[in-house]
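S.K.: Just a sequence and a predicted model for now, questions to come.
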Amino acid sequence: MASWWHNRTVRRCGDEVSLPGRVLYLVDDPEAVHAQLSGRDLAPDHGLPLRHDISTDEITPARICYHFDDTLGEFPYLGLACQGKRPVGRGAVKAGGFVASVSGRRRGKGSSREAAPFAEMSAGIRLAVAESFERIYEANCTNLGMFTTTDFAVLDRLRAGIGVSLDALTDGKDPITAEIVRLGGLFHYNVARLQGHVAPPEVTTPPRPMTLAEKIIASHARQRRRGGVAAVAPGDATFVTADLRFSHEYVTPMASAMWDNTVGPSVPLTEAASVLFFRDHLTLLRRAMTPDEIAGGSLALADALAAHQREFAARMGVRLHDETPDGGSEGICHTIVLERYALPGQVLLGTDSHTCQAGALGALAIGCGTTEMFNAWFTRDVRVCVPGTLLVEVVGRPSDEIAAKDIMLLLLAHPLVRSGGALGLVLEYAGDAVRAMGVEERATLTNMASEAGGFTGLVAPDDKVVEYLVSRREMHATEAERLVADLAPDPGCQYAATIRLNVSDLEPMIATPGDPGNGRPARELEGTRIRIAYGGSCTAGKRTDMDMMAAVLRWGLGHGLRAADGVRFLVQCGSQDVQRYCEEVGHIDLFRRAGAEIVPPSCGACINAGPGVSRSADDVTMASINRNFPGRSGPGQVYLASPATVAASALAGVITTWPALRRRIEGD
């Protein structure tokens, strides 16, 4: 591991932090960014708009994350898009002598990859200043020992060469996070905690009506006494026991290197039976790479990640869901966790921002970064500052053509969410439209709570969850009913805010390229020509999603339609279990007859690591994935929609919906 990580200087409250170096403003003007990298500082009153919504894909594009050491310092902001240009080259930030970088709202959107702040720190960045931060990115910074603040006045002290007090850098943070900042990172804090030198504050909130998330946190809180606490309230800081911890090959190697270098290679993980590893992100990478890319060594680096994880799993006795002979995987980590492991009322910790998918079963599923997972292997708990809850009431009866994905795209386009009003909040989905959904459609909503910047997504478990556990897990109904009992928000509980969506008249939605929050009615984009149609991924690779696509394609074949000329149509199940289901009910044969290429279950084009990635900026993709950040799936333009809309667009060769296509073919 990088020497700066495990040789950090311990800092105490009241100390001043000296941060000598330049300030890099991540502005929307590519020439201004390039000028700073060339040695010309921007004036404090430069007046240029800061870049908002910078994703971790832009800080460290996917293929950079095959590195997990100081080499990452060559790459921060390599994918940063400014007015369609990418002004940052390899090594430029490190060579520029920058100590701080400044951006706008919602810095660190998207992936939980800790490679992003790791790369920034390895390049010399010690302070991130932004109008607001995404939860996991900011937690990763803190855990590594990188400072974050929304106080732009700190920049005046940096420019004047004056030290910044740790009090200023911990202002507004909960007591545990503040102490982590003072001690230089999460591992240093946990060592001090286990040695009795520091202790998290006791939760003393008296009994009160609680939201579902608060009830789960209270039941899992680790105090000096066992058995949770009577109640929690937003702002309470504590540690909660994780029932399950899981990571994948993008993250396990960095975390295992931390383990070997600090805890020791022969020390077993704490309660390894509740740890899972997945080989799911990069199994199809070879099919997405050009010969030149393979010759350049990227594939070898990625394969080394899998080998490293496999060795560590064997050494630690951890269950590994590995790749399969067809080149795919057993399934995407959070898809398999939903299908096989998660239970109502549990706390789950996973190194993927879409860990929250399991919230469809009423589990509190928390996405995290590398350092958080490495520490959880040791302590089996995770720090939580109890979040507020945003109640999302979805009411009305949508038409048969409306899927949960359409509802989610509507929510992400809501002004409160677009402006960052959901940052760090639990999204609790309720209302008659949600109650009518099955677990898998609810899982689309909870999966994409990540795109809203939420802490996680939750649906109170009910008879639909009981039915799911009985039919999919072969659980006895009595046991399933026991698990969901009392897992509902208390009457009179307090929500941070409420959004009410009436979906009775909702039309199919599409998010335009650049951000999942760019949702618009699909009819406004009707006729846009596409080159790639990609149905599947973790968000849309469930049985219900496959059923949606099958219904459209069955209708299409009945009317003499199949994938349009010039369109590459790909279908990818989220797990082997889903693919077996599709084979049994005839979907796979149907998909092939409709002109689709069947891609083995795994992550893939969604993270630029499988068939269906774009090759040029002119490529237009219609996809049922969850993200369309710049460069995430290649250089082309990615539109997001429901599985049904993807299938209809594949048949038409242009953006369209199934209702619109039916009208065109069958007439009014």
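M.R.: Nice, thanks for sending it over. Worth saying up front: this structure is predicted, and the values here are computed from it rather than measured.
S.K.: quick one, phi psi at Val99?
M.R.: Its backbone dihedrals place Val99 at phi -110, psi -20, with angles given as degrees, to the nearest 10.
S.K.: Gly431: how many residues sit nearby?
M.R.: Residues within reach of Gly431, counting by other CB atoms under 10 Å, total 17. Where C-beta positions appear, they are placed from N, C-alpha and C, glycine not excepted.
S.K.: For the helix or strand where Gln579 lies, which outside residues touch it?
M.R.: Assigned by DSSP states H and E, Gln579 falls within helix 576-585. The contact list for helix 576-585, computed with CB atoms under 8 Å, 6 or more residues apart in numbering, reads 324, 328, 330-331, 335-336, 339-340, 541-543, 546, 550, 573, 587-588, 591, 600-601.
S.K.: let's see 7 Å
M.R.: Among residues not part of helix 576-585, those counted as contacts by CB atoms under 7 Å, 6 or more residues apart in numbering are 324, 330-331, 339, 541-543, 546, 573, 588, 601.
S.K.: That helix: which residues count as buried?
M.R.: 576-579, 581-582 (16 or more other CB atoms under 10 Å).
S.K.: Now do the contacts for the residue lying closest to Arg418 once chain neighbours are set aside.
M.R.: Using CB to CB, 6 or more residues apart in numbering and skipping the chain neighbours, the partner closest in space to Arg418 is Gly517 (4.9 Å). Gly517 is in contact with 412-413, 417-418, counting by CB under 7 Å, 6+ apart.
S.K.: Toward the C-terminus from the helix holding Gln579, list the very next helix or strand.
M.R.: Next in line after helix 576-585, if elements are assigned by DSSP H and E, sits helix 587-593.
S.K.: Switch the buried residues of helix 576-585 over to TSV; also include distance to Ser642 and pLDDT.
M.R.: Output for the buried residues of helix 576-585, formatted as TSV (distance: CB to CB, whole Å; pLDDT from 0 to 100):
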residue	distance to Ser642	pLDDT
Gln576	24	96
Asp577	22	97
Val578	17	97
Gln579	20	97
Tyr581	19	98
Cys582	18	98
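S.K.: Output the residues you listed in TSV, with distance to Ile665 appended to each entry.
M.R.: What follows is the buried residues of helix 576-585, written out as TSV (distance: CB to CB, whole Å):
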residue	distance to Ile665
Gln576	35
Asp577	34
Val578	29
Gln579	30
Tyr581	29
Cys582	25
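S.K.: hmm, which helix or strand of the protein has the shakiest average pLDDT?
M.R.: In the chain, no helix or strand scores lower on mean pLDDT, DSSP states H and E than helix 3-6, which sits at a mean of 38.
S.K.: sorry, back to before: wait, which of the contacts of Gly517 is closest to Ala443?
M.R.: Distance to Ala443, by CB to CB, is smallest for Leu412 among those, at 16.3 Å.
S.K.: check contacts around that closest one.
M.R.: 451-452, 516-517, 519.
S.K.: Give me the pLDDT for it.
M.R.: In this prediction, Leu412 carries a pLDDT score of 98.
S.K.: Repeat that for the one 4 residues further on.
M.R.: On the pLDDT scale, Leu416 is placed at 97.
S.K.: again, but for Ala564
M.R.: 98.
S.K.: now swap in Gly14 and tell me
M.R.: You'll see Gly14 listed with a pLDDT of 53.
S.K.: wait, what's in contact with Ala178?
M.R.: Ala178 makes contact with Thr170 under the criterion CB under 7 Å, 6+ apart.
S.K.: so which helix or strand takes in it?
M.R.: In the assignment (DSSP H and E), Ala178 maps to helix 175-183.
S.K.: Can you name every helix or strand that the helix or strand just after that helix contacts?
M.R.: Using DSSP H and E, the helix or strand that directly follows helix 175-183 along the chain is helix 186-194. The helices and strands touching helix 186-194, judged by 3 or more CB pairs under 7 Å, 6 or more residues apart in numbering; DSSP states H and E, are helix 175-183, helix 370-379.
S.K.: Highest mean neighbour count out of the ones you listed?
M.R.: Between the helices and strands packed on helix 186-194, helix 370-379 has the highest mean count of neighbours, a mean of 25, where neighbours are mean count of other CB atoms under 10 Å.
S.K.: Would you mind writing the CA trace of that helix as CSV?
M.R.: Listed in CSV are the C-alpha atoms of helix 370-379, where the atom choice follows Å, rounded to 0.1, in the frame of the first residue of the first chain:
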residue,chain,number,x,y,z
THR,A,370,-12.4,0.0,0.5
THR,A,371,-11.2,1.3,3.9
GLU,A,372,-14.7,0.9,5.4
MET,A,373,-14.8,-2.7,4.3
PHE,A,374,-11.2,-3.5,5.5
ASN,A,375,-12.1,-2.1,8.9
ALA,A,376,-15.4,-4.1,9.0
TRP,A,377,-13.5,-7.3,8.4
PHE,A,378,-11.7,-6.5,11.6
THR,A,379,-14.5,-5.1,13.8
